[in-house]
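Visitor: need a structure here:
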Amino acid sequence: MRRKTVIVILLLSALALSALCLAACDRGSSEDDRPKDISRMVSAFYAGECEDFAVTFERGSKEEPFIADGKTTSVVDFSSLRVIPLRATEVSEISFTLAGAAGESVSGKLTAGTFGEFRAEVAAEFAPVKVTLTAGELTREIDLGDILSGCLSGYDAVEIARREFASRSDAEGQEGEQTREIFVKLITGDRTAYYYYVSFIGEGVDYWAVLLDPATGEVVSKR
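Guide: Prediction:
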């Protein structure tokens with residue numbers, strides 16, 4: 001339990017810092033009925049790993065670029081593949097093939113980022129079940145699991161968080177303050193247990209946040 005508490009505290013601290021340090025906001029041409037105060041949402045999340053790489057594929061919507069200013073402006077859909085080397089590597093590029101259960105596939109290349117991870121936007125509308133990675137002479141095939149299978153949706157998580165912060169929201173409304181933008185991300189500290197991180201962001205360093213168990217909706221931590 002103590003280890004879990006430490007992980008939760010570290011996750012909240014890291015996510016708060018990254019959200020507040022990101023810099024500015026692109027709405028797709030089609031308008032839909034998703035809430036207008038949500039600046040980031042996750043709709044699908046797949047993950048897997050081997051001894052050499054940890055992989056995630058995420059689909060959702062987000063402001064692009066993002067500014068933590070309490071406003072939701074330009075939002076676009078995204079689908080992103082992220083690879084973290086688990087062993088030291090000197091390669092600057094990783095080739096990938098993302099595959100679905102019905103034979104669908106998409107291939108491309110991932111380039112190294114600032115913190116040693118490899119990431120790329122990938123136009124994959126299907127549900128991926130595996131990914132093949134090639135880094136130099138090393139090739140690995142990794143099965144991907146649907147982390148959100150049977151779980152609450154990101155929008156469900158937002159509604160739970162709204163109820164948690166109802167009294168604060170009412171107080172701000174009475175004071176005539178602006179509404180907050182809502183930032184939703186699926187996070188993990190050990191690549192085993194995942195949590196919804198839901199943050200209500202105001203101006204400057206003003207934010208509220210909860211960690212939710214995606215299977216039960218339990219509030220694990222609240223700030």
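
Visitor: would you check that residue 39 makes contact with residue 63?
Guide: Yes - using Cβ atoms under 8 Å, residue 39 is in contact with residue 63, at 4.5 Å. Where you see a C-beta, it was placed from the backbone N, CA and C, and this is true even at glycine.

Visitor: more neighbours: which of these two?
Guide: Here residue 39 and residue 63 are compared on neighbour count by other Cβ atoms under 10 Å; more neighbours surround residue 39, at 28 against 24.

Visitor: wasn't that one part of a strand?
Guide: Yes - the assignment for residue 39 is a strand, going by DSSP: H, G, I helix; E, B strand; the rest coil.

Visitor: need the contact list for it.
Guide: Taking Cβ atoms under 8 Å, 6 or more residues apart in numbering, we find residue 39 in contact with 25, 62-63, 66, 72, 75, 181-183, 201.

Visitor: any idea of the pLDDT on it?
Guide: Here, the pLDDT recorded for residue 39 equals 96.

Visitor: and it, how far from residue 73?
Guide: Note on residue 39: its distance to residue 73, by Cβ to Cβ, to the nearest Å, is 8 Å.

Visitor: check which helix or strand the spatially most central residue of the chain maps to.
Guide: In the chain, the residue lying closest to the centroid (Cα atoms, centre = their mean) is residue 185, at 3.6 Å. Residue 185 belongs to strand 181-188 when assigned by DSSP states H and E.

Visitor: in that strand, what counts as buried?
Guide: Within strand 181-188, the residues scored as buried using 16 or more other Cβ atoms under 10 Å are 181-186, 188.
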